[in-house]
Every structure is written in C-alpha cells, then in structure tokens.
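Asker: Fold the following, please.
(chains A and B)
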Amino acid sequence: EAAVTQSPRNKVAVTGGKVTLSCNQTNNHNNMYWYRQDTGHGLRLIHYSYGAGSTEKGDIPDGYKASRPSQENFSLILELATPSQTSVYFCASGDAQGSAETLYFGSGTRLTVL
Amino acid sequence: QQKVQQSPESLSVPEGGMASLNCTSSDRNFQYFWWYRQHSGEGPKALMSIFSDGDKKEGRFTAHLNKASLHVSLHIRDSQPSDSALYFCAARNTGYQNFYFGKGTSLTVIP
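Answerer: Next comes the predicted model:
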C-alpha cells in the first residue's frame, strides 16, 4: 500500500520562530499536497507540487512556503510562525490518473504555536 | 463559500444498522467525487470514488451520485464499531488541481 510518512508527529513552536514540516512518500507519485485540518473547516489546501522542483499555491498559502527537492520529499515551511497556524497538517501524495486521482495521506503533524 | 456541504454533522447508529451520509456541491463543474474516512489520530483514507451517475457498491458500502442535483451519498449497511470515524466528501473539477473537501460527518456506531 502507498506510504506517506510525516515528521515530526507533534511540534511546539514559539511565535516568530521557523518551523519545517517534512513529508516523505515511497509511492513514486508525481503530485504531492499539504493540507491543514481545523475544526469547522475540514481540509484546506496550502501548497501542492507536480514533481521535483515545482511548487504551487493552494487556497490558503499566506504565511507558508513549500519545497520539493526530490520526487520523494515535500516540505512545508513556516518562516515566522503565528498562533493562527496552530493546526493539524497533512501531507498527501496523489496517484494522478488524470483528474480521477486518489490521495494517500500521512498520519499528520500536530503543530502548536505558543 | 463552502463548495462541498455535508450532512448531518454527526450521526449515531446501532451496530448492525444502516448509516446514510449526504454531500451536496455548489459547483456544476465538479465531475469527480470521493468519500474519505478518518479514524481518530490518523490521516484520511480513501474509501470510495464515484464518477458516474448511479450506484457503486463495494462490500457494505454503497455510494450514489446524481450530478443533475449535485448530490452524492454514502450508505453503510451492517455498521460496525470500527466504522466509527469522520467521513469526508471530496469533489474535483476536470483539469483543476484542487480537491474540495466538506467539513465531515462524524459517525458513531453504538455496540
């Protein structure tokens, strides 16, 4: 089965600090995604990537950067973390059968910004 | 505006009962629909996809799509305690990268 691994599992950061969330997939999928999950909002897309070297903005990119240095790795970077970025973050890879693409999610990173 | 709306927000059914979850979209360009399930402490996992009008059955799970009314449903028969989870409906346009997720329905199956 498709495998997506996120690290760390939990993270506590201070306001104004830099945070990097990491994601690794062994599925050889081209597409990767970063979502955040908040009560009352469901899953919202932050950034996504079509392959190594590419990053695209999703629906809520402000305050976040993304990096895709290789097929397997996709990072989400918070340069200046704020309490409003406290959330659970999910990385996913997609099997990209055209638009009929199924997403495979990691187990999530719970980020708390104090 | 939420493009994908789910109802009910929460649902309790007895073990062995039928659970029915609903999803309505506001965008007629949506052509592809999925149901994802998320157990507590885990990431969402794809349960079923449905792209054509009508019913699609996989084991105890049946999805129904009506594109004209922008409505998709999921029915779980013989519900088990292990079905207790958060269920998301997701929709996508042809050629557009983003998936739109509903806020989810929390299902509790009571033993």
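
Asker: if I pick residue 64, what's in contact with it?
Answerer: No chain specified, so I'll use chain A. Under the criterion of C-beta atoms under 8 Å, 6 or more residues apart in numbering or on different chains, the contact partners of residue A:64 comprise A:34, A:46, A:47, A:76, A:77, A:78. C-betas here are computed from N, CA, C, even on glycine.

Asker: wrong chain, I was asking about chain B
Answerer: Each residue near residue B:64 by C-beta under 8 Å, 6+ apart is listed here: B:50, B:54, B:55, B:56, B:72, B:73, B:75.

Asker: go again using 7 Å as the cut-off
Answerer: With C-beta atoms under 7 Å, 6 or more residues apart in numbering or on different chains as the criterion, the residues that contact residue B:64 are B:55, B:72, B:73.

Asker: ok, and the most crowded of those?
Answerer: For the contacts of residue B:64, the largest number of neighbours (other C-beta atoms under 10 Å in any protein chain shown) sits with residue B:72, at 27 neighbours.

Asker: for the residue of chain B found nearest chain A, phi and psi?
Answerer: Scanning chain B for the residue nearest chain A gives residue B:43, at 3.4 Å (criterion: C-beta to the nearest C-beta). The phi and psi torsions at residue B:43 (degrees, to the nearest 10) take the values phi -80, psi 160.

Asker: list the contacts for it?
Answerer: Residue B:43 makes contact with A:90, A:105, A:106, A:107, A:108, according to C-beta under 7 Å, 6+ apart.

Asker: Go through the contacts of residue B:64 and flag which are in strands.
Answerer: Assignment to strands by DSSP state E places the following of these there: B:55, B:72, B:73.

Asker: Go back to the contacts of residue B:43 and keep what's next to chain B.
Answerer: Applying C-beta under 7 Å from any C-beta of the partner chain, the subset of the contacts of residue B:43 adjacent to chain B comprises A:90, A:105, A:106, A:107, A:108.

Asker: Going by distance to chain B, which of the residues you listed wins?
Answerer: Within the ones next to chain B among the contacts of residue B:43, distances to chain B taken as C-beta to the nearest C-beta reach their minimum at residue A:105, with 3.4 Å.
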